[in-house]
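**Q** The following block contains a protein sequence and its predicted model.
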Amino acid sequence: MHRRTLLSAASLPLLARPALAQRAWPSQPIRMLVPFTAGGPTDLPARLLADELGQALGQRVVVENRTGSGVIVASDAVAKSRDGHTLLYTTVGHAVARALFPNIPFDPVADFQPVAHLGRIHNVVMVNPALPARDLPELLALFRDHPGTYDYASNGNGGSIHLATELMLSMAGKLRVNHVAYRGSTAAMPDLLNGTVSMMVDVISSGMPFIEKGQMRGLAITAAQRSPRFPDLPAVAETLPGYESFTWHMVLGPAGMPPEVVGALNAAVNRILFRPEVRRTLEGQGMEVVDDSTPAGSAAFLRGEIDKWERVIREAGITVT
């Protein structure tokens, strides 16, 4: 009897494995949390991906805009999710959360499983046309010769545009330019147009229409090299070697996601990004699409971004009040 009991107990894991393997994933609709408002530059590609993923996986992928404290509310909800069907669609805000909010209730690395890195969106450095600077070297020289005289706008304290600008000013010799934070770059644009502030670094898809109309002077893109789409715009790295800043889009899940689920999601995202119509739409929004991202590569990229921006925040003394 004792032997039969041992045999039965030993066989339980073997009996359980086929049952678990037969459980199809996804077995219910998938929630994709977006830490930004509906209709914004992050929400639009997230919804495009959600629609395509729903068709690819045979289950609805529902976008939930979960705003609050930057990316923290949405990120925390995903980190603590246990249903196996909750994802996070996030940006560079994830990489700076720990440095800006030291008491966040999650670890941006340990509590998440990177699934796929979709792409990156560079910014453009632009100035009011009345400013006596025709290119980036002249602008930096102007700032250097008149410390604390000029102002630059950003889309918010600790935001990606603020950090991209501070990195540029730091690499140019820790130049002193006054930071004016707005509630988004759209809110800043009237003051840039009327000359109240002199400069702003903005997402290239938002800034280029003003440059093309002659309302702003575009000086450079925040890239390591020139963009084939805008070959006349120098890269900031031509003036400041090693400089590059961009926002990026990535899909994360909670830590502990089964490897087979992560792999299936990653493969589906890569297939979607390979579709010409999807790629055209994303590129039309200024995104440089990543080819064949992997979970491991996405994780390494995320760690590198966290290290980079935490250093910028620390050295610039940036805080969020």
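**A** Sure, I can see it. Numbering: from 1, shown residues only.

**Q** buried stuff in stretch 224-232?
**A** Across stretch 224-232, burial judged by 16 or more other C-beta atoms under 10 Å covers 226-227, 230. (Each C-beta comes from the backbone N, C-alpha and C, glycine too.)

**Q** neighbouring contacts of that stretch?
**A** For stretch 224-232, the external contacting residues (C-beta atoms under 8 Å, 6 or more residues apart in numbering) are 122, 204, 208, 218, 221, 233-235, 237, 243-244.

**Q** nearest to Phe274, of these?
**A** His122 (21.9 Å; C-beta to C-beta).

**Q** how about the closest one, secondary structure?
**A** The three-state label given to His122 by DSSP: H, G, I helix; E, B strand; the rest coil is strand.

**Q** Quick check: bridge partners of it?
**A** Applying DSSP bridges to His122 gives these bridge partners: Phe246.

**Q** Nearest the middle, which residue of this structure would you pick?
**A** Central residue of the chain (C-alpha atoms, centre = their mean): Thr91, 2.1 Å from the mean position.

**Q** Give me the longest helix you can find in this protein.
**A** For the chain, the longest helix by residue count, based on DSSP state H, is helix 295-316.

**Q** which parts of it are buried?
**A** Buried residues in helix 295-316 (16+ other C-beta under 10 Å): 295, 298-299, 301-302, 305-306, 308-310, 312-313, 316.

**Q** Stretch 188-202 now?
**A** Across stretch 188-202, burial judged by 16+ other C-beta under 10 Å covers 188-189, 191-192, 197-202.

**Q** Just the C-alphas of the helix or strand encompassing Asp191, formatted as PDB.
**A** For Asp191, the element it lies in under DSSP states H and E is helix 185-193. What follows is helix 185-193, C-alpha atoms only, in PDB (Å, rounded to 0.1, in the frame of the first residue of the first chain):
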ATOM      1  CA  SER A 185       5.000  70.300 -26.000                       C
ATOM      2  CA  THR A 186       1.800  71.500 -27.600                       C
ATOM      3  CA  ALA A 187       1.300  73.900 -24.700                       C
ATOM      4  CA  ALA A 188       4.900  75.200 -25.100                       C
ATOM      5  CA  MET A 189       4.600  75.900 -28.800                       C
ATOM      6  CA  PRO A 190       2.800  79.300 -28.600                       C
ATOM      7  CA  ASP A 191       5.600  80.700 -26.400                       C
ATOM      8  CA  LEU A 192       8.300  79.300 -28.800                       C
ATOM      9  CA  LEU A 193       6.500  80.800 -31.700                       C
END
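
**Q** Which stretches in the stretch 101-250 of the chain count as strands?
**A** Listed in chain order, the strands of the stretch 101-250 of the chain (DSSP state E, counting those that start in this stretch) span 112-127, 151-154, 178-181, 199-203, 217-221, 246-254.

**Q** Between those strands, which one is closest to Ala267.
**A** Among the strands of the stretch 101-250 of the chain, the nearest to Ala267 by C-beta to C-beta is strand 112-127 (9.1 Å).

**Q** Between strand 246-254 and the closest one, find me the angle.
**A** Inter-element angle recorded for strand 112-127 and strand 246-254: 160 degrees (by axes from the mean of the first three to the mean of the last three C-alpha atoms, to 10 degrees).

**Q** Run the chain-centre distance for strand 112-127.
**A** Mean-position distance between strand 112-127 and its chain equals 4 Å (C-alpha atoms, centre = their mean, to the nearest Å).

**Q** and it, average pLDDT?
**A** The average pLDDT within strand 112-127 is 96.

**Q** after the helix or strand bottoming out on mean pLDDT in the chain comes which helix or strand?
**A** Counting by mean pLDDT, DSSP states H and E, the chain has its least confident helix or strand at helix 2-21, which shows a mean of 38. Moving toward the C-terminus from helix 2-21, the next helix or strand (DSSP H and E) is strand 30-34.

**Q** wait, which of the buried residues of stretch 188-202 is closest to Val34?
**A** Asp202 (20.8 Å).

**Q** The nearest residue to that closest one once chain neighbours are set aside - how many residues pack around it?
**A** Residue nearest to Asp202 in three dimensions, not counting chain neighbours: Ser185, with 4.9 Å by C-beta to C-beta, 6 or more residues apart in numbering. Using other C-beta atoms under 10 Å, the number of residues around Ser185 comes to 22.
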